[in-house]
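Visitor: how does the following fold in three dimensions:
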Amino acid sequence: MKRGKILIFILIVLLLAMDYVFLNYADFNLLGNVINFGNDKGKTEEKIVTKIIDGDTVVVSGGESVRLLGIDCDERGRECYTPAKNRIDELLLGKTVILESGKEDKDQYKRLLRYIFLNGKNINLQMVEEGFCIARFEGDENAKYRKEIREAEKFAIENKIGCKWN
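Guide: Sure, this is the predicted structure:
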């Protein structure tokens, strides 16, 4: 009888040790790095920004292109292209970010459509707030962060902030 109790005790200790190792040292990339916060937030995942395409498009670890939702920055050859690209480069390149999905997963060019967060800050919102991009919601009146991004654009316009409104 005593031998059975010892075996059960050893099994419990092993299970607890395995649980501890998994929770503290597992490579969560094997799990897809997906987190769902529930309520009104979409699916989120953690990625590293590896390349900047322009002010509203980046490439993340895994090689996926990500188009920032709710904003539109100037394309190459336009006045704010370089300042917007430089600013998002300064903010995000080489950093670990949280990507939050909207209603649509990808656009016609197969880019992920996401809101990007760095240290809890909505970078889509920040780019508009700093006058590098405009708010763009093309008919999606129920889009997440729509109100905040539109208010940031209004503030930037009224205060002539950034290259878009100087």
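Visitor: strands of the protein, start to end?
Guide: Per DSSP state E, the chain carries strands over the ranges 34-36, 43-54, 57-60, 64-68, 71-73, 96-106, 112-118, 121-122, 133-135.
Visitor: the shortest one pairs with which strands?
Guide: Right, the one you point to is strand 121-122. Using DSSP bridges, the strands paired with strand 121-122 in its sheet are strand 112-118 (antiparallel).
Visitor: just say which of the strands of the chain is most tucked in.
Guide: Using mean count of other Cβ atoms under 10 Å, the stretch among these with the largest mean neighbour count is strand 133-135, at a mean of 24. Just so you know, the C-beta spots here come from the backbone N, C-alpha and C atoms, and that holds for glycine as well.
Visitor: what pLDDT is listed against residue 9?
Guide: Each residue has a pLDDT score; the one for residue 9 is 67.
Visitor: could you chop the chain up by domain?
Guide: Here the domain assignment for the chain is 1-31, 34-165, based on automatic domain parsing.
Visitor: which stretch in these is the model least sure about?
Guide: Ranked by mean pLDDT, these end with domain 1-31 in last place, scoring a mean of 56.
Visitor: got the phi/psi numbers for residue 130?
Guide: Summarising the backbone geometry of residue 130 under the convention degrees, to the nearest 10, its torsions are phi -90, psi 0.
Visitor: cheers, nothing more for now.
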